[in-house]
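A.B. asks: This is a predicted model, with the sequence first.
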Amino acid sequence: MSLTAPLAHLGAMVLAALAATGRLALFAGRTLGHLLTPPFYLREFLHACLQIGWLSLPVVGLTAIFTGAALALQIYAGGARFSAEAVVPQIVAIGMTRELGPVLGGLMVAARVASSIAAEIGTMKVTEQIDALVTLSTNPMKYLTVPRVLAATLTVPLLVAVGDAIGVMGGWLVGTERLGFNSATYMKNTIEFLEFWDIGSGLVKGAVFGFIVALMGCYYGMNSGRGAQGVGRATKSAVVAASVAILASNYVLTEVFFSA
């Protein structure tokens, strides 16, 4: 085997990754372009809001309440090592609103929505329904991609806001019932410690994460292979790509928001 074979293999992988990134960037650009031009499919948009926003609320709420409760226990246990148990309300609030609420909410939506969108659009491609849309002079991106991307971008911040509130309430419940905090004092410390940008940064992250989730689902669905295996691979790839992109963009946004 040639000594250059490993380097050639590595180079091929890098080139393939760059090509895939370019295709995704072009897809995102076309999606943003279609957002600004008619026609607009209001019925598809409202249906996507229901599917992505309302029906994702239970899983986001359950994730948030257990995360807030576990966070309160962990902070109390860690703070007890240097007599700082009193910081539980403040750290739970800032941890949920800045980081855990948006990230875990985004990941839960990615697991539920990206897979669903990729499977739905991939199945439409396999059964030639997308070709039928083209035959009917309907742009598939405007009919399938734009409503879902717009709905996710608008509804995921709302899910994050609800998740933040539920997570803080989970911490409050554990703090008052399990750790012996006074209820009024706990809520007072939480409200006084939080700043507007703590909440606002999480909502901005939620909008970015929602865009990523829907974009990945639509992209991999549109580029799904033929047959059941192709749809399965598209679904898996959409969830993995959306999850990794959420974690990477979370770091970038945190660096931008709080580096000062």
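C.D. replies: Perfect, I can see it now.
A.B. asks: in what helix or strand does the most centrally placed residue in the chain lie?
C.D. replies: Using Cα atoms, centre = their mean, the residue of the chain that lies closest to the mean C-alpha position is G106, 2.5 Å off. Element membership for G106 (DSSP states H and E) is helix 101-109.
A.B. asks: Then E120?
C.D. replies: Under the assignment here (DSSP H and E), E120 is part of helix 115-126.
A.B. asks: could you give the mean pLDDT of that helix?
C.D. replies: Average pLDDT, helix 115-126: 90.
A.B. asks: Restricting to C-alpha, output that helix in PDB.
C.D. replies: Only the C-alpha atoms of helix 115-126 are listed here, as PDB (Å, rounded to 0.1, in the frame of the first residue of the first chain):
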ATOM      1  CA  SER A 115     -36.400  13.400  12.400                       C
ATOM      2  CA  SER A 116     -40.100  13.900  11.700                       C
ATOM      3  CA  ILE A 117     -39.400  16.500   8.900                       C
ATOM      4  CA  ALA A 118     -36.700  14.400   7.300                       C
ATOM      5  CA  ALA A 119     -38.800  11.300   7.300                       C
ATOM      6  CA  GLU A 120     -41.900  13.100   6.000                       C
ATOM      7  CA  ILE A 121     -40.100  14.900   3.200                       C
ATOM      8  CA  GLY A 122     -37.900  11.900   2.400                       C
ATOM      9  CA  THR A 123     -41.100   9.700   2.100                       C
ATOM     10  CA  MET A 124     -42.600  12.300  -0.200                       C
ATOM     11  CA  LYS A 125     -39.500  12.200  -2.400                       C
ATOM     12  CA  VAL A 126     -39.500   8.400  -2.500                       C
END
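A.B. asks: Check the offset of that helix from the chain's centre.
C.D. replies: 19 Å (Cα atoms, centre = their mean, to the nearest Å).
A.B. asks: Could you check how far S183 is from I91?
C.D. replies: 18 Å (Cβ to Cβ, to the nearest Å). Heads up, the C-betas are built off the backbone N, CA and C, glycines and all.
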